[in-house]
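Asks: Sharing a model prediction with you, sequence too.
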Amino acid sequence: MPKEFVHSIKVPRLYKSAAKIIQEVREKGGSLKSLIYNQRHPNKSAIYSLCVKTLQKEGQIDNLINKTNLLTNEPRFDAWLAKILITELLWGKNALKTDCKPIKIILAYEQKLREELNNIGVDAFSTSPETVKNARYVRINTLLVTLKKGISYFQEEGWSLIPKCSNYIQHLNAVKNLKKPNFIQDFHIPEILVFPPDTVFYDHPGYQNGEIILQDKASCLPSYLLNPEPGSIVLDMCAAPGMKTSHLAAILTNTGKIYAVEKDEHRYKTLCKQIKLTNASCVETINKDSLTLETNEYSKVEYILVDPSCSGSGMLDRQIVYGKEKGDPQRLKQLQAFQVFVLRHALLNFPNVKRVVYSTCSTHCEENEEVVDEILENIQNAYELVPVKKLLNEEWLNFSSKKYKCSDKCLYAISDVDMCNDFFVAVFERNFNVSLPEYKPEYKENNASNNKVEKVQEIFNDEKTITRKRKKRGKRKTNQENFKDEEKIDDSIKDVNNDNDSSQSDGDESSQNIGDESSQNIGDESSQNIGNESSQNIGDESSQNDNNELSDNNDNDNNDNDNNDNNEPVAKKRKLKIGRKIKPHIKIGRSSIHKKLKLPKKKRKTL
Ligand SMILES: C[S@@+](CC[C@H](N)C(=O)[O-])C[C@H]1O[C@@H](n2cnc3c(N)ncnc32)[C@H](O)[C@@H]1O
């Protein structure tokens, strides 16, 4: 081929996509997993491992770029693509084989880069932990397939179920040492199966048709601890993308009712898809701000889940991108104000609620113990904060700090110990002998963000009082008036929420999905994976690329954006053969928790 044609060889799509993604993550704070799922690339796992590796090595790479003057000498070189290609060159296997111009440039710098890398040392400038490796959790969706059948599918695929352990510490050891082909049932939540970290289930037919859900154990704990009895009425106040809602529906065996409320319109659509995919027929989805729910209409609610927007600092995915975050104090205060506000609303405005669970995927006490402490002041004795240790038969290891009023009654999941995401859960139980305290907004003078939320709360309360008075007088608000009220509340709270939503979408189960792949790739196997997958792709993709330039360019344009918080592409309608639908749900032993939570059968009328 004549020389002049060489420059027309395109950069493999894998590298272009990965470069675009890390640019978005760094410049716009985008969620790594969402961005990857929004790609149409056939090998998301390869893109993910390449992006993760690049983000982890970013400090080193920046240093190498400076020392070698790469971008000064090549001013037209895209800096993000340079980072991706350097990663592939230095930490990939047999990488950078294509003859396109950017790759040729990087190869021309290879010797310098390697020399400088030796000078810098391996661990210098590393931005995030490289050893993040959690187990892979699969929740069997008992609304579509029995647990027994779900287990047997994996066994038929060559997996081998190892026996359950007799205590939690033994279980954790078993999970730490889990190697293919072994898997184990979770110690606490029977419908969760635990696989070795380097297991990929994205292409599993059961995942595609909703029979298995890739949900981290930590994210299953809130619904498990809320533990609504079949037939009861549940309110999920912050529902999208619906992982916990669908888990709750499974716990209810699709009996009773779940009101799943989601404020964000886009996320609401994802919620609806997830509910449909998982056959959670007892769920009624509501696209609304749960703070503006007309509580009279939901007066029969017995259980509430409050899983609000949070910093998401406990998510492995975030830790990969940002390292272990200290958290910006001002932002944490804003989040806290919002979290207190929603939780207080749940506890004090639904007269028949028996139990409320509050959860975050945050490691910050500002979003956890401090929220619970503030709430404890408000609720007086109308609720008891239940010691989670007891609910879990003493089989748990990490709890909230004793230096707070909530003491060690709340649960912490700690990734290094519990082999799942970091999570916080508090369980409140109603004491029907004490009437609910009046719901009064507090005004905090020295805290701007709190003021903002308290102001919203005041508006909200004023509106409620007006509504009540109007109702007493037999007057209903016009739709227009209602709309204006919502707007007012919305505007005031917008800033607080906007902040949260980007992070909270990373939050939750995210790690369970691509997260798992990340972990599978990060550790020892990372370089293997990057190497294998990317070099495999170079050839294929560049040839694909040559023919498909348009689709390549439109990578981000025509996406369905089906991803949820976990970045699971939900609602894939393809019906795959595995696992014929099996109607009813098997019985799962939750009686121990029910026994622990001795709830009065008689409900007192309050409010
Ligand atoms: C942490 S995510 C919830 C994850 C969800 N529970 C799950 O397990 O899939 C928080 C969600 O709450 C929503 N949200 C925040 N403020 C809300 C409000 N006032 N009313 C309803 N939804 C809200 C956010 O848009 C976001 O989708």
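Replies: Arrived safely, thanks for sending.
Asks: helix or strand for the residue in the stretch 151-300 of the chain that the ligand sits nearest to, which one?
Replies: Nearest residue of the stretch 151-300 of the chain to the ligand, counting by C-beta to the nearest ligand atom: C238, 3.0 Å away. Glycine gets a C-beta too; all of them are placed from N, C-alpha and C. Using DSSP states H and E, C238 sits in no helix or strand.
Asks: who touches it in this structure?
Replies: Neighbouring residues of C238 by C-beta atoms under 8 Å, 6 or more residues apart in numbering: V261, E262, K263, S290, L305, V306, D307, P308, S309, V342.
Asks: Now intersect those with the strands, please.
Replies: Using DSSP state E, the members of these that fall within strands are V261, E262, L305, V306.
Asks: from those residues, which is closest to K180?
Replies: Nearest to K180 among the ones in strands among the contacts of C238 is L305, at 34.7 Å by C-beta to C-beta.
Asks: so what's that closest one closest to, chain neighbours aside?
Replies: D236 (4.7 Å; C-beta to C-beta, 6 or more residues apart in numbering).
Asks: Quick one: neighbours of Y168, just the number.
Replies: 17 (other C-beta atoms under 10 Å).
Asks: residue contacts, it?
Replies: When contacts are counted by C-beta under 8 Å, 6+ apart, Y168 touches F187, H188, E395, W396, L397.
Asks: Please identify, among the residues you listed, the one with the most neighbours.
Replies: F187 (23 neighbours).
Asks: And the chain, what are its domain boundaries?
Replies: The chain breaks down by the TED database into domains covering 13-120, 136-214, 218-430.
Asks: ranges for the helices of the stretch 101-250 of the chain?
Replies: Under the criterion DSSP state H, counting those that start in this stretch, helices of the stretch 101-250 of the chain are mapped to 101-108, 110-120, 147-156, 168-176, 205-208, 217-226, 243-251.
Asks: Compile the ones you listed into JSON lines and extend it with columns for distance to the ligand and mean pLDDT.
Replies: Formatted as JSON lines, the helices of the stretch 101-250 of the chain follow (distance: least, C-beta to the nearest ligand atom, whole Å; pLDDT from 0 to 100):
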{"stretch": "helix 101-108", "distance to the ligand": "38", "mean pLDDT": "91"}
{"stretch": "helix 110-120", "distance to the ligand": "38", "mean pLDDT": "85"}
{"stretch": "helix 147-156", "distance to the ligand": "20", "mean pLDDT": "96"}
{"stretch": "helix 168-176", "distance to the ligand": "22", "mean pLDDT": "95"}
{"stretch": "helix 205-208", "distance to the ligand": "16", "mean pLDDT": "91"}
{"stretch": "helix 217-226", "distance to the ligand": "6", "mean pLDDT": "98"}
{"stretch": "helix 243-251", "distance to the ligand": "3", "mean pLDDT": "98"}
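Asks: CSV for these, including distance to N69?
Replies: Listed next are the helices of the stretch 101-250 of the chain as CSV, based on distance: least, C-beta to C-beta, whole Å:
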stretch, distance to N69
helix 101-108, 12
helix 110-120, 9
helix 147-156, 53
helix 168-176, 45
helix 205-208, 47
helix 217-226, 45
helix 243-251, 47
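Asks: Of all the ones you listed, which one is nearest P329?
Replies: P329 sits nearest to helix 217-226 of all the helices of the stretch 101-250 of the chain, at 24.8 Å, using C-beta to C-beta.
Asks: Return the list of helices and strands in contact with the closest one.
Replies: Applying 3 or more C-beta pairs under 8 Å, 6 or more residues apart in numbering; DSSP states H and E, one finds that helix 217-226 contacts strand 136-140, strand 192-195, helix 243-251, strand 303-306, strand 355-360, strand 411-413, strand 423-430.
Asks: For the contacts of Y168, give me JSON lines that also has distance to F350 and pLDDT.
Replies: Listed next are those as JSON lines, based on distance: C-beta to C-beta, whole Å; pLDDT from 0 to 100:
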{"residue": "F187", "distance to F350": "32", "pLDDT": "98"}
{"residue": "H188", "distance to F350": "27", "pLDDT": "98"}
{"residue": "E395", "distance to F350": "31", "pLDDT": "97"}
{"residue": "W396", "distance to F350": "28", "pLDDT": "97"}
{"residue": "L397", "distance to F350": "33", "pLDDT": "95"}
